[in-house]
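# can you look at this prediction? I've put the sequence above it.
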Amino acid sequence: MQYTRYTEQITTGEWRWVQIFSVALVILAMLPFALVPMALGGQSSSFMGVVHDPEGSASALASVRLGMQDEWLWRDLHTPEPQRGVVSDTLYILLGQLARITRLDPLALFHVARALAALFMFHALYALGAAIWARVNSRRIFWFVASVGAGLGWIAAPLIGQATPDVQTSLIFPFHSALTNVHLPLAVG
(Lines give C-alpha, C1' and ligand atoms only; values in the text may rest on other atoms or scores of the structure.)
Protein backbone atom coordinates (compact mmCIF):
# COMPACT_ATOMS: atom_id res chain seq x y z
CA MET A 1 0.00 0.00 0.00
CA GLN A 2 1.24 3.47 -0.86
CA TYR A 3 1.29 5.89 2.10
CA THR A 4 3.12 8.83 0.59
CA ARG A 5 3.64 10.42 -2.80
CA TYR A 6 7.42 10.25 -2.15
CA THR A 7 9.17 6.90 -2.20
CA GLU A 8 12.52 5.48 -3.22
CA GLN A 9 11.07 2.11 -4.15
CA ILE A 10 8.50 1.21 -6.75
CA THR A 11 5.34 0.02 -5.02
CA THR A 12 3.02 -2.73 -6.21
CA GLY A 13 0.43 -0.11 -7.09
CA GLU A 14 2.94 1.70 -9.28
CA TRP A 15 3.83 -1.51 -11.11
CA ARG A 16 0.11 -2.15 -11.64
CA TRP A 17 -0.21 1.36 -13.13
CA VAL A 18 2.78 0.71 -15.41
CA GLN A 19 1.35 -2.65 -16.48
CA ILE A 20 -2.07 -1.20 -17.33
CA PHE A 21 -0.68 1.68 -19.38
CA SER A 22 2.02 -0.49 -21.00
CA VAL A 23 -0.60 -3.00 -22.14
CA ALA A 24 -2.71 -0.11 -23.46
CA LEU A 25 0.26 1.15 -25.51
CA VAL A 26 0.97 -2.34 -26.84
CA ILE A 27 -2.68 -2.70 -27.88
CA LEU A 28 -2.43 0.70 -29.58
CA ALA A 29 0.73 -0.49 -31.36
CA MET A 30 -1.06 -3.64 -32.55
CA LEU A 31 -4.14 -1.74 -33.74
CA PRO A 32 -2.86 -1.21 -37.32
CA PHE A 33 -2.42 -4.96 -37.71
CA ALA A 34 -6.15 -5.40 -37.18
CA LEU A 35 -7.22 -2.37 -39.22
CA VAL A 36 -5.06 -2.80 -42.34
CA PRO A 37 -6.35 -6.28 -43.30
CA MET A 38 -9.92 -5.08 -42.77
CA ALA A 39 -9.26 -2.03 -44.97
CA LEU A 40 -7.85 -4.23 -47.76
CA GLY A 41 -11.04 -6.29 -47.74
CA GLY A 42 -11.50 -8.22 -50.96
CA GLN A 43 -8.80 -6.37 -52.90
CA SER A 44 -6.20 -8.30 -54.82
CA SER A 45 -3.56 -6.88 -52.47
CA SER A 46 -1.93 -9.02 -49.84
CA PHE A 47 -0.93 -7.89 -46.35
CA MET A 48 2.66 -8.84 -45.50
CA GLY A 49 2.04 -8.58 -41.78
CA VAL A 50 4.11 -5.45 -41.10
CA VAL A 51 3.19 -1.79 -41.35
CA HIS A 52 6.22 0.12 -40.07
CA ASP A 53 9.78 -0.36 -41.34
CA PRO A 54 8.87 -3.00 -43.93
CA GLU A 55 12.49 -3.41 -45.11
CA GLY A 56 13.80 -4.15 -41.61
CA SER A 57 10.84 -6.36 -40.78
CA ALA A 58 11.25 -8.32 -44.03
CA SER A 59 14.89 -8.90 -43.14
CA ALA A 60 13.93 -10.03 -39.62
CA LEU A 61 11.26 -12.36 -40.99
CA ALA A 62 13.81 -13.81 -43.45
CA SER A 63 16.02 -14.63 -40.45
CA VAL A 64 13.01 -16.24 -38.75
CA ARG A 65 12.57 -18.33 -41.89
CA LEU A 66 16.19 -19.49 -41.60
CA GLY A 67 15.49 -20.65 -38.05
CA MET A 68 12.37 -22.46 -39.24
CA GLN A 69 14.58 -24.34 -41.73
CA ASP A 70 16.71 -25.50 -38.77
CA GLU A 71 19.56 -23.15 -39.69
CA TRP A 72 21.66 -21.61 -36.91
CA LEU A 73 23.82 -19.29 -39.02
CA TRP A 74 22.62 -16.28 -41.01
CA ARG A 75 22.87 -16.44 -44.78
CA ASP A 76 21.73 -14.03 -47.45
CA LEU A 77 18.63 -15.63 -48.95
CA HIS A 78 18.72 -13.42 -52.03
CA THR A 79 21.86 -14.65 -53.75
CA PRO A 80 22.58 -17.87 -55.65
CA GLU A 81 26.20 -17.91 -54.46
CA PRO A 82 27.14 -20.55 -51.87
CA GLN A 83 27.69 -19.24 -48.35
CA ARG A 84 29.00 -20.71 -45.11
CA GLY A 85 26.89 -18.44 -42.89
CA VAL A 86 27.76 -16.13 -40.01
CA VAL A 87 26.54 -15.63 -36.46
CA SER A 88 24.10 -12.75 -36.88
CA ASP A 89 20.42 -12.01 -36.22
CA THR A 90 20.46 -14.67 -33.51
CA LEU A 91 17.29 -13.35 -31.87
CA TYR A 92 15.27 -13.87 -35.03
CA ILE A 93 16.89 -17.21 -35.82
CA LEU A 94 15.95 -18.34 -32.30
CA LEU A 95 12.37 -17.16 -32.93
CA GLY A 96 12.38 -19.28 -36.08
CA GLN A 97 13.68 -22.27 -34.15
CA LEU A 98 10.91 -21.75 -31.58
CA ALA A 99 8.32 -21.51 -34.38
CA ARG A 100 9.67 -24.73 -35.89
CA ILE A 101 9.63 -26.63 -32.59
CA THR A 102 6.21 -25.39 -31.45
CA ARG A 103 4.68 -25.31 -34.96
CA LEU A 104 3.38 -21.79 -34.29
CA ASP A 105 2.83 -19.32 -37.10
CA PRO A 106 6.15 -17.42 -37.44
CA LEU A 107 4.46 -14.08 -38.11
CA ALA A 108 2.24 -14.44 -35.03
CA LEU A 109 5.26 -15.45 -32.94
CA PHE A 110 7.17 -12.43 -34.30
CA HIS A 111 4.37 -10.08 -33.16
CA VAL A 112 4.02 -11.76 -29.76
CA ALA A 113 7.77 -11.36 -29.23
CA ARG A 114 7.49 -7.74 -30.36
CA ALA A 115 4.71 -7.11 -27.84
CA LEU A 116 6.66 -8.75 -25.00
CA ALA A 117 9.77 -6.72 -25.89
CA ALA A 118 7.66 -3.54 -25.83
CA LEU A 119 6.30 -4.43 -22.39
CA PHE A 120 9.86 -4.96 -21.17
CA MET A 121 10.89 -1.59 -22.61
CA PHE A 122 8.00 0.31 -21.00
CA HIS A 123 8.75 -1.27 -17.62
CA ALA A 124 12.46 -0.44 -17.97
CA LEU A 125 11.59 3.18 -18.75
CA TYR A 126 9.56 3.41 -15.56
CA ALA A 127 12.40 1.86 -13.55
CA LEU A 128 14.70 4.51 -15.01
CA GLY A 129 12.26 7.22 -13.97
CA ALA A 130 12.12 5.76 -10.46
CA ALA A 131 15.91 5.82 -10.26
CA ILE A 132 15.90 9.52 -11.16
CA TRP A 133 12.85 10.87 -9.31
CA ALA A 134 11.45 10.08 -5.88
CA ARG A 135 7.99 11.55 -6.53
CA VAL A 136 5.53 9.12 -8.07
CA ASN A 137 3.88 11.82 -10.21
CA SER A 138 7.27 12.84 -11.63
CA ARG A 139 7.99 9.23 -12.51
CA ARG A 140 4.65 8.89 -14.30
CA ILE A 141 5.11 12.12 -16.24
CA PHE A 142 8.62 11.03 -17.24
CA TRP A 143 7.34 7.61 -18.31
CA PHE A 144 4.54 9.08 -20.40
CA VAL A 145 6.74 11.66 -22.15
CA ALA A 146 9.53 9.14 -22.73
CA SER A 147 7.15 6.45 -23.96
CA VAL A 148 4.88 8.38 -26.30
CA GLY A 149 6.68 11.66 -26.86
CA ALA A 150 6.87 10.63 -30.51
CA GLY A 151 5.89 7.70 -32.68
CA LEU A 152 2.19 8.46 -33.13
CA GLY A 153 2.69 9.80 -36.64
CA TRP A 154 0.84 6.82 -38.11
CA ILE A 155 -2.30 8.45 -36.73
CA ALA A 156 -1.53 11.92 -38.10
CA ALA A 157 -0.12 10.87 -41.49
CA PRO A 158 -3.48 9.93 -43.09
CA LEU A 159 -5.10 13.05 -41.67
CA ILE A 160 -2.55 15.47 -43.12
CA GLY A 161 -1.91 13.50 -46.29
CA GLN A 162 1.84 13.06 -45.92
CA ALA A 163 4.28 10.96 -43.94
CA THR A 164 5.43 12.42 -40.67
CA PRO A 165 9.11 12.21 -39.59
CA ASP A 166 8.50 9.70 -36.82
CA VAL A 167 6.92 7.24 -39.26
CA GLN A 168 9.84 7.32 -41.67
CA THR A 169 13.18 6.86 -39.95
CA SER A 170 13.28 7.89 -36.31
CA LEU A 171 13.36 4.50 -34.60
CA ILE A 172 14.87 6.00 -31.45
CA PHE A 173 11.47 6.91 -30.05
CA PRO A 174 10.24 4.19 -27.67
CA PHE A 175 6.67 3.93 -28.95
CA HIS A 176 7.86 3.94 -32.53
CA SER A 177 10.39 1.20 -31.80
CA ALA A 178 7.51 -0.83 -30.36
CA LEU A 179 5.83 -0.55 -33.77
CA THR A 180 8.65 -2.13 -35.73
CA ASN A 181 10.79 -5.10 -34.69
CA VAL A 182 11.71 -7.14 -31.62
CA HIS A 183 15.31 -6.00 -31.20
CA LEU A 184 14.60 -2.26 -31.06
CA PRO A 185 12.44 -2.23 -27.89
CA LEU A 186 14.92 -4.61 -26.29
CA ALA A 187 17.76 -2.21 -27.11
CA VAL A 188 15.86 0.83 -25.78
CA GLY A 189 14.88 -1.10 -22.63
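Looks like it came in fine.
# which regions of this structure lie under the pLDDT threshold?
For the chain, applying pLDDT under 70 flags the ranges 1-8, 37, 40-51, 77, 86, 150-154, 165-171.
# run the last query once more with 80
The chain contains residues with pLDDT under 80 at 1-8, 32-59, 73-79, 83, 85-88, 149-173, 175-177, 179-180.
# you'd agree residue 147 is in a helix?
Yes. According to DSSP: H, G, I helix; E, B strand; the rest coil, residue 147 belongs to a helix.
# was I right to think it contacts residue 122?
Yes. When contacts are counted by C-beta atoms under 8 Å, residue 147 is listed as touching residue 122 (5.9 Å). All C-beta atoms are positioned from the backbone trio N, CA, C, and that covers glycine.
# which elements pack onto the longest helix seen in the chain?
In the chain, with assignment by DSSP state H, the single longest helix is helix 12-40. Under the contact criterion of 3 or more C-beta pairs under 8 Å, 6 or more residues apart in numbering; DSSP states H and E, helix 12-40 touches helix 106-132, helix 136-148, helix 174-178.
# among the ones you listed, which is nearest residue 52?
Checking the helices and strands packed on helix 12-40 against residue 52 by C-beta to C-beta gives helix 174-178 as the closest, at 7.3 Å.
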